[in-house]
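*Asks:* coordinates only, sequence not included:
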């Protein structure tokens, strides 16, 4: 019997539907696809079928509502967005290895909000966000991160008081506090991995694709 904890769930948010080969490959190889209600049409016409559709259903077309009537899970909680509703649904089902696509693009405020939410989701699940330009990876503790020489790297600290020390980056951090979003952007890996050391904070790392 398949273990929920060891299988990969892809959540499709209602941002710009992916076109880059990497997020599309995650979709093609997903064990299951969970859709926010506004993304169902794009997903379906791209050739994918969702296992579940989660959200407040304010963006679900009548066509998709009829086509997938057996897998709609409404959540009218107005204190969370549809992406968080989908993540919460996955947690209840025991799906703990999550890949989020389609969470950026369209409105910039939604993009910023969705990226920042990774720092909340990582407290309960393994999660990454894949866009058409790169990966967003959240961390709660010191970690070693696979990379390649020349890969563009940006760091974002959700808790500005956190002191971060790095190794393997062209512009090293030494007990540095990232007090604004731009402060640790546009760095570069010097080898096949780099490490970050910090305690008690939440850090989101962006890794840019080659193309």
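*Replies:* Right, received. Where do you want to start? In this text, all values refer to a predicted model and were calculated from it rather than measured experimentally.
*Asks:* buried residues in the strand or helix carrying residue 118?
*Replies:* Element membership of residue 118 [criterion: DSSP states H and E] is helix 108-121. Residues of helix 108-121 classed as buried by neighbour count (16 or more other Cβ atoms under 10 Å): 110-111, 114-115, 117-119, 121. Where you see a C-beta, it was placed from the backbone N, CA and C, and this is true even at glycine.
*Asks:* and if you look at stretch 7-27?
*Replies:* 9-18, 23-24, 26-27.
*Asks:* how far does the helix holding residue 118 sit from the chain's center?
*Replies:* Using Cα atoms, centre = their mean, to the nearest Å, the mean C-alpha position of helix 108-121 is found 8 Å from that of the whole chain.
*Asks:* report all helices and strands that that helix contacts.
*Replies:* Helix 108-121 sits against helix 82-93, strand 97-101, strand 126-130, strand 134-139, strand 203-208, with contacts defined as 3 or more Cβ pairs under 8 Å, 6 or more residues apart in numbering; DSSP states H and E.
*Asks:* buried deepest among these, which one?
*Replies:* By mean neighbour count, with neighbours taken as mean count of other Cβ atoms under 10 Å, strand 97-101 ranks first of the helices and strands packed on helix 108-121 at a mean of 24.
*Asks:* tilt between that strand and helix 82-93?
*Replies:* 160 degrees (axes from the mean of the first three to the mean of the last three Cα atoms, to 10 degrees).
*Asks:* going forward, count from 43.
*Replies:* With 43 as the first residue, the last one maps to strand 139-143.
*Asks:* sheet partners, orientation included, of strand 139-143?
*Replies:* strand 51-54 (parallel), strand 168-172 (parallel) (DSSP bridges).
*Asks:* mean confidence score for the first one?
*Replies:* Yep, that's strand 51-54 we're talking about. Averaging pLDDT along strand 51-54 yields 98.
*Asks:* could you list the residues in contact with the helix or strand just after it?
*Replies:* As assigned by DSSP H and E, the chain's next helix or strand after strand 51-54 is helix 63-70. With contact meaning Cβ atoms under 8 Å, 6 or more residues apart in numbering, helix 63-70 is reached by 50, 52, 54, 60, 75, 88, 90, 141, 143-144, 172-174, 251.
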